[in-house]
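Peer 1: Only the shape, not the letters, is given here:
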């Protein structure tokens, strides 16, 4: 079972904008090779930061409007939100350490 929960437009405000903790969103698609490569890294982050950061996945094919809202042109794209605003973005494959560094900045 995935630790990172799926997220759609309907629950975006409640789960991201109104979140008391930083939020990491992984914008991905089933057909995207690099998205599949980064998925285990995102899952490890979700496990390690449980309780400190909420982690969600947005399928750009089914949630195109949400992806467009944040100008997602390439996937995978990771957005980090704090206080309902984007504070960091990582585009393309990266490793868990780089994601963790970005999250630590948001938690500081």
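Peer 2: Ah, there it is. Because the structure is predicted, anything quoted here is derived from the model rather than measured.
Peer 1: give me the beta-bridge partners of the nearest residue to residue 5 once chain neighbours are set aside?
Peer 2: Leaving aside its sequence neighbours, residue 5 sits nearest to residue 56 (Cβ to Cβ, 6 or more residues apart in numbering; 5.4 Å). (Glycine included, C-beta is placed from N, CA and C.) For residue 56, the residues forming beta bridges with it (DSSP bridges) are residue 5, residue 25.
Peer 1: Residue 56 touches residue 27, doesn't it?
Peer 2: No: shown here, residue 56 and residue 27 do not form a contact pair, counting by Cβ atoms under 8 Å, at 9.8 Å.
Peer 1: and residue 105, what element?
Peer 2: For residue 105, the host element (DSSP states H and E) is helix 96-107.
Peer 1: in that helix, what counts as buried?
Peer 2: In terms of neighbour count (16 or more other Cβ atoms under 10 Å), helix 96-107 has its buried residues at 99-100, 102-103, 106.
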